[in-house]
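Student: heads up, no residue letters with this:
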């Protein structure tokens, strides 16, 4: 059912627990990292009896930081200083999950309008409330948000018709007698799905594919860790591959266009040409790392038989729509004078799938609107930071420290920064906070694509903890028949932290060289 993308009782047993809250990340993932102070915990539990989504101490802390930030000497220009306070509040709420992530995004237009942070670019005077309301609210339905909506719609349709499971079993059955190759094949399955339907539904579908096999194995067998950690790594890396593979990519794409006022753009095919070779190398490195860190002596695997799916008109219609959309996305540079933006192309699969009746109104309601709102909030915040001149102030400050540095040093500094921060807060939030600043610095240095694309890769490549990304939390939340986790935090620190360091090093060397070769 397409409702796998949201919290409905129709989820499979392997994945239903992932959607108990609107974020998709189960709260128990975060508890090992929360302070265990009995009195404070008791007060928080009491508040949550009445307001279950609120973490009161984190909420108070976020607003306290926002008030303090009003008095920090960030900018002498009032709107920019107030926008910095909104940035601090939003980032704190996103990072601590004091309230649901999408609710924080919905707060941004309210704060921007009430805070009077949008200014006229010519007069530098604060715009009136009506103009501010229209401009900031419009960011929530930008073409980039529509692009992602199409990715979710395609993923939901493929899942509804059980197409990935059918193809996936056929592929895996060919390598079941070569366990190591089966892990790599499973990884590339999740990686490929992530390209076209984003790495959130891809992670769920990939787990649905491997869990019957996992249930047939000894939960203590290292081969289980290879399979499950392989899915997490693959879907994280798959999130690098196309503009629709993860929210951070969409934010990076939108930010470059927004900050350059349309003068610098990255096409769908251009993004793939840059990201796929690098992420494929990361994938091979991750696979070899899993074999070394979790050695297994298995020589053959017996795959459970899936439910038979008879392909008919509905399945072929969904496949045709998917392939048509992928082709149009890949050639979007050629058709830019016709459609204007990939987001407008993305309306075609939405219209075909829902207009034909293959997907219903209920399926439309079940799309992951919380993620779309989160993306919209990130774009709105980036817009406010730009129009208020906050980005200009921050980038000038950074340039004072980096003005004598080469493009490679500047990119490496941001790659390391994102590679560290992205482990502790969500990948999307990392992109929302850091990428607009990086883009502004990149435009000043003359290499916006290099400075943005390197850190964007690390937004997906940071995977040292269970809380680092949805694919990580997805796998961490799985339990065996004895209600014990298959993966421990130490497994993530061992495998995830190592692959993150490898990705940082390869991005700063091979990645930089590859971008120069592409003329970025």
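Tutor: Looks like it arrived, so ask away. Just so it is clear, the structure is predicted and the values come from calculations on it, not from any experiment.
Student: and the helices in the stretch 1-150 of the chain, which stretches?
Tutor: 38-50, 56-69, 78-96, 101-115, 129-137, 143-160 (DSSP state H, counting those that start in this stretch).
Student: and for the closest residue to residue 125 other than its chain neighbours, the neighbour number?
Tutor: Distance criterion C-beta to C-beta, 6 or more residues apart in numbering; nearest residue to residue 125, sequence neighbours excluded, is residue 119 at 6.2 Å. Yep, even glycine has a C-beta here, placed from its N, CA and C like the rest. By other C-beta atoms under 10 Å, 20 other residues sit near residue 119.
Student: one step back: quick one: which of the helices of the stretch 1-150 of the chain is nearest residue 497?
Tutor: When the helices of the stretch 1-150 of the chain are compared by C-beta to C-beta, helix 78-96 sits nearest residue 497, at 19.4 Å.
Student: who's in contact with the residue nearest to residue 96 when sequence neighbours are not counted?
Tutor: In space, not counting the residues next to it along the chain, residue 96 is nearest to residue 58; the distance is 4.0 Å by C-beta to C-beta, 6+ apart. Residues near residue 58 by C-beta atoms under 8 Å, 6 or more residues apart in numbering: 92, 93, 96, 97, 98.
Student: looking at these, spot the one nearest residue 137.
Tutor: For the contacts of residue 58, the nearest to residue 137 is residue 93 (19.5 Å; C-beta to C-beta).
Student: show me the contacts for the closest one.
Tutor: Shown in contact with residue 93 (C-beta under 8 Å, 6+ apart): 58, 59, 62, 99, 104, 107.
Student: now do it against residue 218, distance only.
Tutor: 42 Å (C-beta to C-beta, to the nearest Å).
Student: one more: residue 377?
Tutor: Taken as C-beta to C-beta, the span from residue 377 to residue 218 is 44 Å.
Student: higher neighbour count, those two?
Tutor: Legend: neighbour count by other C-beta under 10 Å for residue 377 and residue 218, higher for residue 377 (25 against 9).
Student: residue 499 and residue 233 touch, don't they?
Tutor: Yes: contact status for residue 499 versus residue 233: in contact at 6.1 Å, counting by C-beta atoms under 8 Å.
Student: if you count surrounding residues, which of the two has more?
Tutor: residue 233 (28 against 25).
Student: A helix includes that one, no?
Tutor: Yes: the assignment for residue 233 is a helix, going by DSSP: H, G, I helix; E, B strand; the rest coil.
Student: residue ranges in the stretch 1-150 of the chain under the pLDDT threshold?
Tutor: 1-37 (pLDDT under 70).
Student: sorry, back to before: adding distance to residue 356, write the contacts of residue 93 out as CSV.
Tutor: Shown next, in CSV, are these (distance: C-beta to C-beta, whole Å):
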residue, distance to residue 356
58, 45
59, 45
62, 45
99, 38
104, 36
107, 37
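Student: please identify which of these is nearest to residue 349.
Tutor: residue 104 (29.4 Å).
Student: just list the residues touching that closest one, thanks.
Tutor: Residue 104 neighbours (C-beta under 8 Å, 6+ apart): 90, 93, 94, 377.
Student: farthest pair in those residues?
Tutor: Farthest pair in the contacts of residue 104, by C-beta to C-beta: 93 and 377, 10.5 Å.
Student: which strands and helices sit next to the least confident helix or strand in the chain by mean pLDDT?
Tutor: In the chain, no helix or strand scores lower on mean pLDDT, DSSP states H and E than helix 163-172, which sits at a mean of 72. For helix 163-172, the packing partners by 3 or more C-beta pairs under 8 Å, 6 or more residues apart in numbering; DSSP states H and E come out as helix 179-197, helix 199-215, helix 313-330.
Student: quick check: phi and psi at residue 220.
Tutor: phi -90, psi -10 (degrees, to the nearest 10).
Student: could you do residue 479 as well?
Tutor: According to degrees, to the nearest 10, residue 479 has phi -120, psi 150.
Student: next up, the contacts around it.
Tutor: 485, 486.
Student: just how off-centre is the helix or strand containing residue 490 within its chain?
Tutor: Element membership for residue 490 (DSSP states H and E) is helix 489-491. A distance of 22 Å separates the centroid of the chain from that of helix 489-491, by C-alpha atoms, centre = their mean, to the nearest Å.
Student: could I get the buried residue list for it?
Tutor: 489, 491 (16 or more other C-beta atoms under 10 Å).
Student: cool, and stretch 42-58?
Tutor: 44, 54, 55, 57, 58.
Student: coming back round to it: the helix or strand following the helix holding residue 490 - contacts with which helices or strands?
Tutor: Using DSSP H and E, the helix or strand that follows helix 489-491 towards the C-terminus is helix 497-506. Using 3+ C-beta pairs under 8 Å, 6+ apart, the elements in contact with helix 497-506 are helix 268-293, helix 407-421, helix 448-461.
Student: okay, angle between the longest one and helix 143-160 too, please.
Tutor: Using axes from the mean of the first three to the mean of the last three C-alpha atoms, to 10 degrees, one finds that helix 268-293 and helix 143-160 are set 60 degrees apart in direction.
Student: for helix 268-293, packing partners?
Tutor: helix 179-197, helix 222-238, helix 313-330, helix 448-461, helix 497-506, helix 512-517.
Student: quick one, that helix and helix 179-197 angle?
Tutor: Using the same axes, to 10 degrees: helix 268-293 against helix 179-197 is 150 degrees.
Student: residues of helix 268-293 that come out buried?
Tutor: For helix 268-293, by 16+ other C-beta under 10 Å, it's 268, 270-272, 274-276, 278-279, 281-283, 285-287, 289-291, 293.
Student: still on that earlier bit, would JSON lines of the contacts of residue 58 with distance to residue 137 be doable?
Tutor: Output for these, formatted as JSON lines (distance: C-beta to C-beta, whole Å):
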{"residue": "92", "distance to residue 137": "23"}
{"residue": "93", "distance to residue 137": "19"}
{"residue": "96", "distance to residue 137": "26"}
{"residue": "97", "distance to residue 137": "24"}
{"residue": "98", "distance to residue 137": "24"}
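Student: by neighbour count, which of the residues you listed wins?
Tutor: Counting neighbours by other C-beta under 10 Å, residue 93 leads the contacts of residue 58 with 26 neighbours.
Student: model confidence at the residue nearest to residue 139 when sequence neighbours are not counted, what's the number?
Tutor: Once flanking residues are discounted, residue 139 sits nearest to residue 380: 3.9 Å by C-beta to C-beta, 6+ apart. As predicted, residue 380 sits at a pLDDT of 87.
Student: again, but for the one 3 residues further on
Tutor: The predicted structure scores residue 383 at 86 on the pLDDT scale.
Student: other residues contacting the helix holding residue 490?
Tutor: If you take C-beta under 8 Å, 6+ apart as the criterion, helix 489-491 is touched by 32, 225, 229, 294, 465, 466, 476.
Student: is it possible to mark the buried ones in those residues?
Tutor: Using 16+ other C-beta under 10 Å, the buried ones in the contacts of helix 489-491 are 225, 229, 294, 465, 466, 476.
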